[in-house]
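Visitor: My questions concern the predicted model and sequence given below.
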Amino acid sequence: MSEMQSTRRGRPGYDQQGILAVAVAAFNEHGYDATSIGMLAERLGLSKSAIYHHFGSKDQILDLALDAALSGLEAVVDDPLPASAVEASAVARLEHVLRGAVHVLIAQLPAVTLLLRVRGNTEVERRALTRRRAFDRRITALVSEAQAEGALRADMDASIVARLTFGMINSIVEWYRPGGREGADRLADDVVAIALDGLRRR
């Protein structure tokens, strides 16, 4: 991945990240399969060769976009709490992960939207889905751990809890608009309140 992530510069005003942002918007608007390099070139006012100066293929553009979304989500689980909170309970770590996931989704909204739409039609998409399933398993394990600690009600299957919770978080891509009345912090508060208040044991 490191070779693909190196920023190569071509014509002034168009670096790799700028082209990537336009490409992700086009993929979300038209679908990955229906978006050609020619369409991207027209949107950018560039030649196809100028795009190929930055990316080896359309698949590479997709790979970078999906990696941005997945890496952000994985980082939240890999380092969910500061070092001072190593002994934090599973439910505290779960809450931190949920808040972090909301922040990643809002910060990487176009890329996460794209991730949620992939169906495994290409090798790049299949690799992304494999990583997404691994992420889902880690969330399920965290829910299960919180249940075992007695913090969350245990009468619900952990995998269903994880899916329903992230189904709510993922739905944000369908309606959230940057600059709206709720920012990331407030939205994260709302998600935690809805997801965990109904799950906590009383």
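Guide: Thanks, I have it. Numbers count the residues shown, from 1 in each chain.
Visitor: now the end-to-end length of stretch 140-160.
Guide: Stretch 140-160 has an end-to-end distance of 8 Å (Cα to Cα, to the nearest Å).
Visitor: the longest helix in this structure is where?
Guide: Once the chain is assigned using DSSP state H, the helix that runs over the most residues is helix 123-148.
Visitor: Now do that one: distance to the chain's middle.
Guide: Distance of helix 123-148 from the chain centroid (Cα atoms, centre = their mean, to the nearest Å) equals 12 Å.
Visitor: okay, the angle between the following helix or strand past it and helix 123-148?
Guide: Downstream of helix 123-148, the next assigned helix or strand under DSSP states H and E is helix 158-170. Relative orientation of helix 158-170 versus helix 123-148 (axes from the mean of the first three to the mean of the last three Cα atoms, to 10 degrees): 120 degrees.
Visitor: Other residues contacting helix 158-170?
Guide: Applying Cβ atoms under 8 Å, 6 or more residues apart in numbering, the external contacts of helix 158-170 come out as 98, 101-102, 105, 112, 116, 136, 139-144, 147, 152, 191, 194-195, 199. All C-beta atoms are positioned from the backbone trio N, CA, C, and that covers glycine.
Visitor: Buried ones in the host helix or strand of A188, by neighbour count?
Guide: According to DSSP H and E, A188 maps onto helix 184-197. Burial within helix 184-197, assessed by neighbour count using 16 or more other Cβ atoms under 10 Å, is assigned to A184, L187, A188, V191, V192, A195, L196.
Visitor: Put the alpha carbons of it into PDB.
Guide: Output in PDB follows, covering the C-alpha atoms of helix 184-197 (Å, rounded to 0.1, in the frame of the first residue of the first chain):
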ATOM      1  CA  ALA A 184     -19.600  15.100  15.100                       C
ATOM      2  CA  ASP A 185     -19.500  15.400  18.900                       C
ATOM      3  CA  ARG A 186     -23.200  15.900  19.400                       C
ATOM      4  CA  LEU A 187     -24.000  13.200  16.900                       C
ATOM      5  CA  ALA A 188     -21.700  10.800  18.700                       C
ATOM      6  CA  ASP A 189     -23.500  11.600  21.900                       C
ATOM      7  CA  ASP A 190     -26.800  10.700  20.300                       C
ATOM      8  CA  VAL A 191     -25.500   7.500  18.900                       C
ATOM      9  CA  VAL A 192     -24.100   6.400  22.200                       C
ATOM     10  CA  ALA A 193     -27.400   7.300  24.000                       C
ATOM     11  CA  ILE A 194     -29.500   5.400  21.600                       C
ATOM     12  CA  ALA A 195     -27.200   2.400  21.300                       C
ATOM     13  CA  LEU A 196     -26.000   1.900  24.800                       C
ATOM     14  CA  ASP A 197     -28.700   3.200  27.100                       C
END
